[in-house]
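**Student:** Okay, sequence plus prediction incoming.
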Amino acid sequence: MLDLELPAVINAQDQANLNLIPVVDRPKRWDKSRAQLVTRFKTTIMTHGMAVQDSRCAWCTLPVGAAGHRTAHRDHIAPKERYPQWTFTPMNLIVACEYCNGFAVKHDLDTIEVVQAEYEQCTFWIVHPYLDIVSDHVGFMEEEVAAQSVAIQGRSPRGHWTIEKLQLASPEMTSLRARELAADRAISKLAPHYQNLLARATGR
């Protein structure tokens, strides 16, 4: 998982106007509206997320978009279908891959244990990339014995819950992280000149 500091900064007037949308209408406006107000918000969320997350999924950490082989999605940490009041709350949005955000994994998973009026005061089941120190709950361990696998560890009950529900410890995810590690190691052995050329070519 990625540890993120600050959510996207939204134009104050745009945020005020988004907050005026009736709560029950917000998920539909997110999904179907082509209004510039909604489009600007979604663009800002994606641009910010791709930049601060280094084009990686906030959950599994694998590359997304042009940097990887997975599609970048805007993921509502507290799903908008269950918590429409936070559909347009920047702190409730990160960039995730289509697998972690998909129907088979997170989708509309209930991530809040105790709901409060203020988003930041809620008690989350899931490790929150903005509100938690992620390393207190989840960590990655390279298994030197098996040199080809990278295992994820839960360091708290919330960490274990997050790993289980998002299937972050599956053999497939472990294998993909191992391949990413192997690629990074191979790149690190290249001469600096070739590393720079590769970085410019891939944008990483």
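**Tutor:** That came through fine.
**Student:** would Ile163 count as being in a strand?
**Tutor:** No. If the criterion is DSSP: H, G, I helix; E, B strand; the rest coil, then Ile163 is helix and not within a strand.
**Student:** ok, now how distant is it from Asp136?
**Tutor:** Here the criterion is Cβ to Cβ, to the nearest Å. By it, Ile163 lies 14 Å from Asp136. Placement of C-beta: from N, CA and C, glycine included.
**Student:** Repeat that for Val52.
**Tutor:** Noted for Val52: a distance of 20 Å to Asp136, by Cβ to Cβ.
**Student:** okay, the two: which has more neighbours?
**Tutor:** A count of neighbours by other Cβ atoms under 10 Å puts Val52 above the other of Val52 and Asp136, at 18 against 13.
**Student:** can you pull the contacts of the more buried one?
**Tutor:** 4-6 (Cβ atoms under 8 Å, 6 or more residues apart in numbering).
**Student:** which of these tops the neighbour count?
**Tutor:** For the contacts of Val52, the largest neighbour count, defined by other Cβ under 10 Å, is 20 neighbours, found at Leu4.
**Student:** Give the helix, strand or coil label for that one.
**Tutor:** Reduced to three states by three-state DSSP, Leu4 is coil.
**Student:** so who does the residue most central in space within the chain touch?
**Tutor:** By Cα atoms, centre = their mean, the chain has its centre lying nearest to Ala58, at 2.8 Å. Applying Cβ under 8 Å, 6+ apart, we find Ala58 in contact with 1-2, 4, 49, 75, 94-96, 129.
**Student:** show me where the chain has strands.
**Tutor:** Assigned by DSSP state E, the chain shows strands spanning 72-76, 93-97, 112-114, 123-124, 138-142, 150-154.
**Student:** Show me what counts as buried in stretch 133-140.
**Tutor:** Using 16 or more other Cβ atoms under 10 Å as the test for burial, stretch 133-140 gives 134, 137-138.
**Student:** out of those, who's nearest Cys100?
**Tutor:** Among the buried residues of stretch 133-140, Val138 lies closest to Cys100 (Cβ to Cβ), at 13.4 Å.
**Student:** Apart from its neighbours in sequence, what residue is nearest that closest one?
**Tutor:** Gly159 (4.4 Å; Cβ to Cβ, 6 or more residues apart in numbering).
**Student:** Count the residues that sit near the closest residue to Asp108 other than its chain neighbours.
**Tutor:** Distances taken as Cβ to Cβ, 6+ apart place Pro79 nearest to Asp108, at 4.2 Å, with adjacent residues excluded. With neighbours defined by other Cβ under 10 Å, the count for Pro79 comes to 21.
**Student:** what pLDDT does Pro79 get?
**Tutor:** If you check Pro79, the pLDDT there is 97.
**Student:** Show me the shaky parts of the protein.
**Tutor:** 67, 141-150, 174-190, 193-204 (pLDDT under 70).
**Student:** rewinding a little: what's the burial count for the residue nearest to Val138?
**Tutor:** 23.
**Student:** measure Arg34 to Thr123 for me?
**Tutor:** To Thr123, Arg34 is 36 Å away according to Cβ to Cβ.
**Student:** Thank you, goodbye.
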